[in-house]
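Q: Build me a model from this:
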Amino acid sequence: MVIPLDELVAVDDSAVPLLRQWLEASTVDVTALPVEPARRDACLTDLQVTLRSVLGAVAYETGGLVIDHGWLRLLGGGHGVLPSLAEANGLDDPDTAEAPDYVVLGWDVVGGVFALDGGALRGVRGHVCYFSPDALQWEDLDVGHADFVRWALTGGVETFAEDLRWASWAQDAAAVALDAVYLSDPPLWTAAGQEVDAAERRMTSVDDLLARHAEAAVALAAEIDVSD
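A: Residues are numbered from 1 along each chain as shown. Coordinates of the predicted model:
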């Protein structure tokens, strides 16, 4: 049974005021992108979450959140080339949509992906996990979605991403398109790629870099199996 939009929105204890408070009190640079009403409504309906949740509030109140000079892009109701939470997770087509094993929440400018674990990742169901572009595996952040959003808005990304950042990261992150990321040469998952200040970078699409990560992760897993 699909819950209609008006019931998803008309709740007594909406998380929207809380999200607004967090945005106003944020200790890092953050831009709440304008939301496109039609995409917002479709997103909330496709997600089937109410405004009681911070996830619903982000989807309904924002087109997405661009955090820490653009290093982190959290998905919302959709804005321009930035997909909505529903679109990014294949929930926008009722003929093909299935309940996902995890929900992609957003990504950083080096292709690290944040996702809510529905049972398919390495963490606890309901926790946010991170696919690390240097380790090529998921790690459990040990927080739920609401705590994750608050963490991101209070400087948590700064320490978390320290090893992935180069000298001019702030200027470069602000310059990259919302649907683009930086591909490092050598790649971050190689030994040489750990020297991030020495690497060369070029912009590529999110889909391209994530496909490269998936391919490299498969190859790495095969190497480990052979060595065992």
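
Q: three-state assignment of the residue nearest in space to the middle of the chain?
A: By C-alpha atoms, centre = their mean, the chain has its centre lying nearest to Gly106, at 1.2 Å. Three-state assignment for Gly106 (DSSP: H, G, I helix; E, B strand; the rest coil): strand.

Q: just checking, it touches Phe114?
A: Yes. Counting by C-beta atoms under 8 Å, Gly106 touches Phe114, with 5.4 Å between them. (Glycine included, C-beta is placed from N, CA and C.)

Q: for Asn188, what are its contacts?
A: Just so we're on the same page, residue 188 is Leu rather than Asn. By C-beta atoms under 8 Å, 6 or more residues apart in numbering, the residues touching Leu188 are 110, 133-134, 164, 194, 196, 199.

Q: Show the pLDDT at it.
A: With respect to pLDDT, Leu188 scores 95.

Q: Likewise for Ile224?
A: 64.

Q: List the residues that are in contact with both of Gly106 and Phe114.
A: Shared contacts of Gly106 and Phe114, defined by C-beta under 8 Å, 6+ apart, are found at 72, 74.

Q: And Gly78, how far from Thr45?
A: According to C-beta to C-beta, to the nearest Å, Gly78 and Thr45 sit 13 Å apart.

Q: Actually, Trp22.
A: From Trp22 across to Thr45, the span is 24 Å (C-beta to C-beta).

Q: residue boundaries of the helices in the chain?
A: In the chain, the helices defined using DSSP state H lie at 5-9, 16-24, 37-47, 54-61, 85-88, 145-153, 156-160, 169-175, 206-227.

Q: closest one to Trp138 among those?
A: Minimum separation from Trp138 across those (C-beta to C-beta) falls at helix 206-227, 9.8 Å.

Q: gap between the closest one and the chain center?
A: The chain centre lies 20 Å from the centre of helix 206-227; the measure is C-alpha atoms, centre = their mean, to the nearest Å.

Q: before we move on, what about stretch 186-203?
A: The answer for stretch 186-203 is 22 Å, by C-alpha atoms, centre = their mean.

Q: That one: end-to-end distance?
A: From its first residue to its last, stretch 186-203 covers 14 Å (C-alpha to C-alpha, to the nearest Å).

Q: for stretch 41-54, same thing?
A: For stretch 41-54, the first-to-last residue distance is 16 Å (C-alpha to C-alpha).

Q: contact partners of that stretch?
A: Applying C-beta under 8 Å, 6+ apart, the contact partners of stretch 41-54 are 2-5, 7-9, 11, 13-16, 18-19, 55-57, 59-60, 76-78, 84-87, 91-92, 94, 97, 145-146, 149.

Q: Any stretches of this protein with poor pLDDT?
A: 94-97, 224-228 (pLDDT under 70).

Q: dump the residue contacts of Gly76.
A: 32-33, 35, 40, 43, 58-59, 61-65, 84-85.
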